[in-house]
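J.: sequence? don't have it. structure:
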Ligand code: 13P
Ligand code: SF4
């Protein structure tokens, strides 16, 4: 679904959501890539690390995760006694599956105890359970640097792994061949063309992009990092090389506009935006964008069995340990 300033939000749906949240002691957490009308009604919107941190501190009994399947799994692992609901269980991150157990085992056999298997949080619970620690894009460099092992197998994302390797040259970082198909598809030429069209713009890129794209960036960071950078920066134009979902928060924080509903559309039209954002073509995560507000409401109204997150027992303990270790190493 394309993100637009005029996406209509049914007020009766929002009213029902508020009532259901009260009745079910629920809270809605959304990732920056989901549709703006969901971000607008969520209680919290954040990057993967912020959402994971939040999940362990919230008092509510029911957590609705407007995000892809691995995010729901992570929330359930961190909160085994809570009800975790995924509005659209079909929304899945393809990269979360792009690694084989055989490869991990083979490298463990080669390097023994001097190998740490570092798993990007964009991974299934099974993949996490084969690892030694989890990371997100906002803490990967810090955590890899702090590990005692000299050799690091970074799974599943080759691009984030390559970025970490460049920042932590003292480690031998071994890469896997997984990637985010949408970040990986942005070409260096596309970024160069955007730079030529907007010569004053700063390039802000997510580390899931290829190294040739990252070489052109003025700032590399997680979705939250990109938003915070743009908010603080004195620059007025930014080429944002990540998924377009971040535009809602960028507009809100930098220009005071709300990209959802008619009120938001009017506000956008009325305000003369001080900061402008340019994106590469096709910068939409189709899985994140497939989540609808109706699904957010329906999973609270009458949750279907597949909307209720359950992590297969055999992976629960080890996968939870990886997330707990991440929170410990990155500092809660
Ligand atoms: P962030 O942790 O930066 O929000 O990234 C999540 C993600 O899926 C990027 O594609
Ligand atoms: Fe996965 Fe890429 Fe979508 Fe992020 S943008 S959830 S890495 S497919």
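T.: Thanks, I have it. Computed from a predicted model, the values in this text were never measured in an experiment. Residues are numbered from 1 along each chain as shown. Ligands and ions are numbered 1, 2, ... in the order given.

J.: tell me the pLDDT at whatever residue of the stretch 51-200 of the chain ends up closest to ligand 1?
T.: Nearest to ligand 1, among the residues of the stretch 51-200 of the chain, is residue 137, at 4.2 Å (C-beta to the nearest ligand atom). The way it works is simple: take the backbone N, C-alpha and C, and place the C-beta from them, glycine included. Per-residue confidence (pLDDT) for residue 137: 95.

J.: burial measure for it, as a count.
T.: Other residues within reach of residue 137, judged by other C-beta atoms under 10 Å, total 28.

J.: which residues does it contact?
T.: Shown in contact with residue 137 (C-beta atoms under 8 Å, 6 or more residues apart in numbering): 47, 48, 49, 120, 160, 206, 207, 208, 221, 222, 223, 225.

J.: which one of those residues sits closest to ligand 2?
T.: For those, the minimum distance to ligand 2 (C-beta to the nearest ligand atom) is 5.8 Å, reached by residue 208.

J.: which one is the closest one nearest to, not counting chain neighbours?
T.: For residue 208, ignoring the flanking residues on the chain, the nearest one in space by C-beta to C-beta, 6 or more residues apart in numbering is residue 183 at 3.7 Å.

J.: after the host helix or strand of the one you found, next one along is what?
T.: Taking DSSP states H and E as the definition, one finds residue 183 inside helix 181-184. Per DSSP H and E, the first helix or strand lying C-terminal to helix 181-184 is helix 188-197.

J.: centre of the chain versus stretch 147-161, how much separation?
T.: With C-alpha atoms, centre = their mean, to the nearest Å as the basis, stretch 147-161 stands 19 Å off its chain's centre.

J.: any part of the helix holding residue 183 near ligand 2?
T.: Yes. Against ligand 2, helix 181-184 shows contacts by C-beta under 6 Å from any ligand atom at 182, 183.

J.: residues contacting that helix, please?
T.: Helix 181-184 has contacts (C-beta under 8 Å, 6+ apart) with 94-95, 159, 206, 208-210, 241-243, 282-286.

J.: re the thing from before, how far away is the residue of the stretch 51-200 of the chain closest to ligand 1 from residue 215?
T.: Distance check for residue 137 against residue 215: by C-beta to C-beta, to the nearest Å, it reads 17 Å.

J.: strands along the stretch 1-150 of the chain, start to end?
T.: 26-31, 44-46, 62-66, 83-85, 115-120, 133-135 (DSSP state E, counting those that start in this stretch).

J.: note down every partner strand of the third one and its orientation.
T.: What it means is strand 62-66. Strand pairing for strand 62-66, determined by DSSP bridges: strand 26-31 (parallel), strand 83-85 (parallel).

J.: next one: the last one
T.: When sheet partners are counted by DSSP bridges, strand 133-135 sits next to strand 115-120 (parallel).

J.: the partner strand near ligand 2 anywhere?
T.: No. Using C-beta under 6 Å from any ligand atom, strand 115-120 stays clear of ligand 2, with a minimum separation of 8.6 Å.

J.: hmm, back to that, the residue nearest to residue 208: how many residues sit nearby?
T.: Neighbours of residue 183 (other C-beta under 10 Å): 24.

J.: quick check: the residue of the stretch 1-150 of the chain nearest ligand 2.
T.: residue 93 (3.1 Å).

J.: contact partners for the closest residue to ligand 1 within the stretch 201-332 of the chain?
T.: Nearest residue of the stretch 201-332 of the chain to ligand 1 (C-beta to the nearest ligand atom) works out as residue 222 at 3.2 Å. Going by C-beta under 8 Å, 6+ apart, residue 222 touches 47, 48, 49, 136, 137, 138, 206, 207.

J.: among those, name the ones in helices.
T.: Per DSSP state H, helices hold the following members of the contacts of residue 222: 48, 49.

J.: roughly how far does the residue of the stretch 1-150 of the chain closest to ligand 2 sit from residue 145?
T.: Distance from residue 93 to residue 145, by C-beta to C-beta: 25 Å.

J.: the two: who's more crowded?
T.: The neighbour count for residue 93 versus residue 145, taken as other C-beta under 10 Å, is higher for residue 93 (24 against 13).

J.: that one and residue 73 touch, don't they?
T.: No. Using C-beta atoms under 8 Å, residue 93 makes no contact with residue 73, being 10.6 Å away.

J.: skipping adjacent residues, who's closest to the residue of the stretch 51-200 of the chain closest to ligand 1 in space?
T.: residue 222 (4.1 Å).

J.: quick one, helices of the stretch 151-300 of the chain?
T.: Applying DSSP state H, counting those that start in this stretch to the stretch 151-300 of the chain gives helices spanning 158-167, 181-184, 188-197, 211-214, 223-232, 247-255, 261-270, 286-289, 293-301.

J.: the stretch 1-150 of the chain too?
T.: 11-23, 36-41, 48-55, 69-78, 101-111, 125-129, 140-146.

J.: what's the nearest residue to residue 254 if we skip its chain neighbours?
T.: Spatially, and ignoring its direct neighbours in sequence, residue 254 is nearest to residue 275 (4.2 Å; C-beta to C-beta, 6+ apart).

J.: how about the residues of the stretch 151-300 of the chain near ligand 2?
T.: Taking C-beta under 6 Å from any ligand atom as the criterion, the stretch 151-300 of the chain approaches ligand 2 at residues 180, 182, 183, 208, 243, 285, 287, 288.
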